[in-house]
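K.L.:
model this:
(chains A and B)
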There are 2 protein chains.
Amino acid sequence: MNEEPNLGRIAVVGAGAVGCYYGGMLAHGGHDVSFLMRSDLDAVRAKGLTIFTKGEEVRLAQVRAFATPEEIGPVDVVLIALKATANDALQRLLPPLIGPDTMLLTMQNGLGNEELLAARWGAERVCGGLCFVCINRTAPGVIRHLDHGSISVGEFGRPASARVRSFAEAWKKVGVEAEAVDNLSLERWRKLVWNIPFNGLSIVARANVAEVLADDNLRTIARDLMAEILDAARRLGHDIPDSFADWQIERSASMGTYRSSSMIDFEAGLPVEVESIWGEPLRQGQTAGAAMPRLEMLYRLIHALTRPKHAEPSAGAK
Amino acid sequence: MNEEPNLGRIAVVGAGAVGCYYGGMLAHGGHDVSFLMRSDLDAVRAKGLTIFTKGEEVRLAQVRAFATPEEIGPVDVVLIALKATANDALQRLLPPLIGPDTMLLTMQNGLGNEELLAARWGAERVCGGLCFVCINRTAPGVIRHLDHGSISVGEFGRPASARVRSFAEAWKKVGVEAEAVDNLSLERWRKLVWNIPFNGLSIVARANVAEVLADDNLRTIARDLMAEILDAARRLGHDIPDSFADWQIERSASMGTYRSSSMIDFEAGLPVEVESIWGEPLRQGQTAGAAMPRLEMLYRLIHALTRPKHAEPSAGAK
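P.N.:
Reported below is the predicted structural model:
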């Protein structure tokens, strides 16, 4: 009854902070995890993975790290932790990993990722994991887990299954807070209640979590955005109580000066997950009849601020 | 009939781009203009004022420039071109300039400045001038007039009078487009239709006029903000047609990469006129029952972005 669930062969696609942490903790628990890596490949092959979490250091000296999906071959489960802005690459990266019964578990942010996987590789394979975690990759192969860390795993459009329960069990065994959920879509909307304002303001107001909470104006914007998201979620059948927004504000206090992944990407000039975090929720909410003027403005501002810089327009002042 | 109106002794308080341009052009027309200056005083005393406008160079070799209002003494008209964020200084700067019949003509941005002058020195003195102009101070004593340049002059809460008509005439004589207006408050709201989105986005999206016009998302935000302002203005009795917003977008095309004064101030870390351009219109509109979610969010973002930076909060991430 308490024996280790056999998750089979696992491949992690997208070996940033999230992929390395959740995949790394499974490897730490004795599971068979292969990492598809690009920039960090040599460092991880040479030095392994190090995860600083909850005051302890998890060292994975031997890590199966590969440069191509062909070297990994078909697996039982693909954990997808690629940035959603790189989803086009899945077309090339996933086929060599997929066998007849391969499960695709996307741990990506926002909305639209399960739908994309389902459309291309079949809805029955698709599961989702929602990571409530403050985590940064501080160097190649080095992950710093700062706060929180729970993961909610669910099936796409179906109640929780044995396979997602096994994953939740496996993470719990290595100290990662995890649960199987029956309504993944509801959970995604619950997560957006935090990500939309806090990741959004980290870009538009250049404010980390503590700065948003400390500034009356930014905190009010965050609350007003949360109210719009709750309204949209309700119209889509997800009844999230207002108290959930209060709780999200409260639980953020412990994050301190945490800088969201969006903020780090933005400041580094890297692509930001504009469509999955802001664009798709806006479209789904508006389609359901929600007026979302603040989210629309936030989305448009982020879209404009993250647009690749072209040549400056010619100085046209007369 | 075509003789020069005698405007009496004029003092300019706030000798930035606007004060130097509109005051300087009156001096160029032969009027008796004294400038109260601080940082530019020595440069202007030594080299005068230079205004590059419409392809010509207006040189004012001899400029009456003073460091204190006491050196100027009571005048017939005070042109107030101080930034609204420095309005507290008026309490000290104006009394030495004010005689029994001194007219106070504020050329400041946004809402609330006439009311402040009226409350302290009597509504009957107060007039306002709205400057539709792209103008920058490029060096001490050097003003570059880039585009547009009209000024609308009106009485505070009263129809146009002989004195504001005289000012309009005087500016027209030196080639500055000017008109006397009967409804100054209406004109202020018309001006806000441009200033609120374009000055606002110059801060929040770091975008100059051309960049706002070239980006679908920013242009849409500008239009949506304009719709909110038109709604608020109508509730306050100012019927501005929707076509006015179209025209404001069109007339902006010739401004090219013009950077608003708010953008320049913001980038230089100087105070921005947050309350007069965004805060007061928001409060007046909401009091009149207008829903202004976009303006409210813009105001709150600008408020947060322009807040003086204190010490960074301590790194509290656990």
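K.L.:
C-alpha from now on. contacts and neighbour counts both.
P.N.:
Will do.
K.L.:
Can you report how many residues neighbour the residue of the stretch 151-300 of chain A found nearest chain B?
P.N.:
Going by Cα to the nearest Cα, chain B is nearest to A:Gly256 of the stretch 151-300 of chain A, at 4.4 Å. Per other Cα atoms under 10 Å in any protein chain shown, the neighbour tally for A:Gly256 reads 20.
K.L.:
you'd agree it is up against A:Ala207?
P.N.:
No - with contact defined as Cα atoms under 8 Å, A:Gly256 does not count as touching A:Ala207 (11.4 Å).
K.L.:
Can you tell me the element the residue nearest to A:Met297 when sequence neighbours are not counted falls in?
P.N.:
The spatially closest residue to A:Met297, leaving aside those adjacent along the chain, is B:Ile221, at 6.4 Å (Cα to Cα, 6 or more residues apart in numbering or on different chains). In the assignment (DSSP states H and E), B:Ile221 maps to helix B:216-235.
K.L.:
Rank the helices and strands of chain A by mean pLDDT and give me the bottom one.
P.N.:
helix A:261-267 (a mean of 86; mean pLDDT, DSSP states H and E).
K.L.:
List the buried residues in it.
P.N.:
A:Ser261, A:Ser262, A:Met263, A:Asp265, A:Phe266 (16 or more other Cα atoms under 10 Å in any protein chain shown).
K.L.:
Show me the two of those that sit farthest apart.
P.N.:
Greatest spatial distance among the buried residues of helix A:261-267 (Cα to Cα): A:Ser261 and A:Phe266, at 8.4 Å.
K.L.:
I'd like to know how far the residue of the stretch 151-300 of chain A closest to chain B sits from A:Ala210.
P.N.:
To A:Ala210, A:Gly256 is 5 Å away according to Cα to Cα, to the nearest Å.
K.L.:
Ok, A:Gly285 next?
P.N.:
28 Å.
K.L.:
hey, where'd the helices end up in the stretch 201-318 of chain A?
P.N.:
Here the stretch 201-318 of chain A has its helices, by DSSP state H, counting those that start in this stretch, at A:209-214, A:216-235, A:242-252, A:261-267, A:274, A:280-287, A:293-305.
K.L.:
So which of those is nearest B:Glu56?
P.N.:
Across those, B:Glu56 has its closest neighbour in helix A:293-305 (37.3 Å, Cα to Cα).
K.L.:
Quick one: mean pLDDT for that closest one?
P.N.:
Averaged over helix A:293-305, pLDDT sits at 97.
K.L.:
Could you grab the helix/strand/coil label for the spatially closest residue to A:Ile277 that is not a sequence neighbour?
P.N.:
Of all residues beyond its chain neighbours, the one nearest A:Ile277 is A:Gly110 (4.4 Å), with distances taken as Cα to Cα, 6+ apart. The three-state assignment at A:Gly110 reads coil, by DSSP: H, G, I helix; E, B strand; the rest coil.
K.L.:
who's in contact with A:Gly110?
P.N.:
For A:Gly110, the contact set (Cα atoms under 8 Å, 6 or more residues apart in numbering or on different chains) comprises A:Arg188, A:Leu192, A:Ser276, A:Ile277, A:Trp278, A:Glu280, A:Pro281.
K.L.:
didn't A:Gly99 look like it was pressed against A:Val75?
P.N.:
Yes - when contacts are counted by Cα under 8 Å, A:Gly99 is listed as touching A:Val75 (6.7 Å).
K.L.:
Any buried residues in stretch A:250-263, and which?
P.N.:
A:Ser252, A:Ser254, A:Met255, A:Gly256, A:Thr257, A:Tyr258, A:Arg259, A:Ser260, A:Ser261, A:Ser262, A:Met263.
K.L.:
Look at A:Gly55 and say how many residues are nearby.
P.N.:
The number of residues near A:Gly55, taken as other Cα under 10 Å, comes to 9.
K.L.:
Give me the distance between it and chain B.
P.N.:
Note on A:Gly55: its distance to chain B, by Cα to the nearest Cα, to the nearest Å, is 9 Å.
K.L.:
Next, work out how far apart that residue and A:Asp147 are.
P.N.:
Taking Cα to Cα, one finds A:Gly55 at 11 Å from A:Asp147.
K.L.:
Please apply the same query to A:Leu60.
P.N.:
Using Cα to Cα, one gets 21 Å for the distance from A:Leu60 to A:Asp147.
K.L.:
can you check A:Leu117 too?
P.N.:
Between A:Leu117 and A:Asp147 the computed distance is 30 Å (Cα to Cα).
K.L.:
Next up, the contacts around A:Ile221.
P.N.:
A:Pro197, B:Met297, B:Arg300.
K.L.:
Against which helices or strands is whatever helix or strand the first one lives in packed?
P.N.:
Element membership for A:Pro197 (DSSP H and E) is helix A:184-204. Of the remaining helices and strands, those touching helix A:184-204 by 3 or more Cα pairs under 8 Å, 6 or more residues apart in numbering or on different chains; DSSP states H and E are strand A:126-139, strand A:142-155, helix A:209-214, helix A:216-235, helix A:242-252, helix A:261-267, helix A:293-305.
K.L.:
export the ones you listed to TSV and tack on distance to B:Thr106?
P.N.:
Listed next are the helices and strands packed on helix A:184-204 as TSV, based on distance: least, Cα to Cα, whole Å:
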stretch	distance to B:Thr106
strand A:126-139	51
strand A:142-155	53
helix A:209-214	36
helix A:216-235	30
helix A:242-252	44
helix A:261-267	41
helix A:293-305	33
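K.L.:
looking at these, which has the lowest confidence?
P.N.:
helix A:261-267 (a mean of 86).
K.L.:
List of residues touching that helix?
P.N.:
A:Asn136, A:Asn199, A:Gly200, A:Ser202, A:Ile203, A:Arg206, A:Pro271, A:Val272, A:Glu273, A:Thr306.
K.L.:
thinking the third one is in contact with A:His303, fair?
P.N.:
No - counting by Cα under 8 Å, A:Gly200 stays clear of A:His303, with 10.6 Å between them.
K.L.:
who's more crowded, the two?
P.N.:
More crowded of A:Gly200 and A:His303, by other Cα under 10 Å: A:Gly200, with 25 against 21.
K.L.:
so how far is B:Phe156 from the residue nearest to A:Val274 when sequence neighbours are not counted?
P.N.:
With sequence-adjacent residues excluded and distances taken as Cα to Cα, 6+ apart, A:Val274 is closest to A:His303, at 6.6 Å. Separation of A:His303 from B:Phe156 (Cα to Cα): 42 Å.
K.L.:
next one: A:Leu305
P.N.:
40 Å.
K.L.:
Contacts only, for A:Ile203.
P.N.:
A:Ser262, A:Met263, A:Phe266, A:Ile302.
K.L.:
now it: how far from A:Ile135?
P.N.:
18 Å.
K.L.:
re the thing from before, among the helices of the stretch 201-318 of chain A, which is nearest A:Pro140?
P.N.:
Closest among these, using Cα to Cα: helix A:261-267, at 15.5 Å.
K.L.:
Check which helices and strands the helix or strand following that closest one sits against.
P.N.:
Using DSSP H and E, the helix or strand that directly follows helix A:261-267 along the chain is helix A:274. Counting contacts by 3+ Cα pairs under 8 Å, 6+ apart, helix A:274 is packed against helix A:293-305.
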